[in-house]
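>>> After the sequence you'll find the predicted model.
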Amino acid sequence: MPPLRRRPILAVDDEPALLRLFQRYLVRFGFEVEICSNARQALEQFTRDAARYELVLADLTMPGMSGQELLEQLRRLNPQICVLLCSGYPFNPLGLPVEIRRRVRFLQKPFLPAMLIEAIEELLASDEAAPPE
């Protein structure tokens with residue numbers, strides 16, 4: 001198992017079984033993971049310490065607040081945060097403002113665990129190589 005990262009991932013999805021599955025996948029690959037069952041809860045948790053998280057994994061379609069709305073709120077609190085949005089519905093991150101695209105990726109559901117890990121690693125690697133905003 002790879003070593004733990006220096007900061008945890010915050011995973012948020014309104015489907016409890018899927019959220020636990022994400023958590024198991026990520027822990028298996030050496031990530032520390034904290035989970036939330038809705039976007040409001042995730043935003044409250046993130047607000048307590050916006051620099052704590054390395055990445056947020058969020059479902060795009062959740063009741064109350066979408067993953068895209070959550071992304072906007074998270075970026076107000078920490079413009080450096082990386083966000084991986086996922087959904088069974090299509091989404092094009094190219095529609096996002098240019099200045100945040102390098103820190104946002106989209107993964108179409110359903111996906112394999114290896115695809116999730118690859119997307120996270122790619123997002124974190126591209127962010128580490130990029131100059132600060």
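Sure thing, it's come through. Numbers count the residues shown, from 1 in each chain.

>>> can you count the residues close to A50?
Residues lying near A50 (other C-beta atoms under 10 Å) number 15. Every C-beta, even on glycine, is put in place using the N, C-alpha and C of the backbone.

>>> now what about the helix or strand encompassing C86, what contacts it?
Using DSSP states H and E, C86 falls within strand 82-87. If you take C-beta atoms under 8 Å, 6 or more residues apart in numbering as the criterion, strand 82-87 is touched by 54-61, 67-68, 71, 74-75, 91, 93, 103-109, 111, 119-120, 123-124, 127.

>>> Just the buried ones from those, in PyMOL syntax?
Buried members of those, defined by 16 or more other C-beta atoms under 10 Å, are picked up in PyMOL with:
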select buried, resi 54+55+56+57+58+59+60+61+67+68+71+74+75+91+103+104+105+106+107+119+120+123+124+127
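
>>> Need the contact partners of the lengthiest helix in the chain.
Secondary structure of the chain per DSSP state H: the longest helix is helix 113-129. For helix 113-129, the surrounding residues in contact (C-beta under 8 Å, 6+ apart) are 9, 22, 25-26, 28-29, 31, 54-55, 57, 80, 82, 84, 102-105, 107.

>>> circling back to that earlier point, alpha carbons of the strand holding C86, in CSV - could you do that?
Taking Å, rounded to 0.1, in the frame of the first residue of the first chain, the C-alpha atoms of strand 82-87 are listed here in CSV:
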residue,chain,number,x,y,z
CYS,A,82,-8.4,20.6,-6.2
VAL,A,83,-11.8,19.2,-6.9
LEU,A,84,-12.8,16.1,-8.7
LEU,A,85,-16.5,16.1,-9.7
CYS,A,86,-18.2,12.9,-10.7
SER,A,87,-21.6,12.1,-12.0
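
>>> Next secondary structure element downstream of that strand?
Remark: after strand 82-87, the chain's next helix or strand is strand 104-108, criterion DSSP H and E.

>>> pLDDT of that following strand, averaged?
Across strand 104-108, pLDDT averages out at 92.

>>> likewise stretch 9-18?
Here the average pLDDT along stretch 9-18 is 95.
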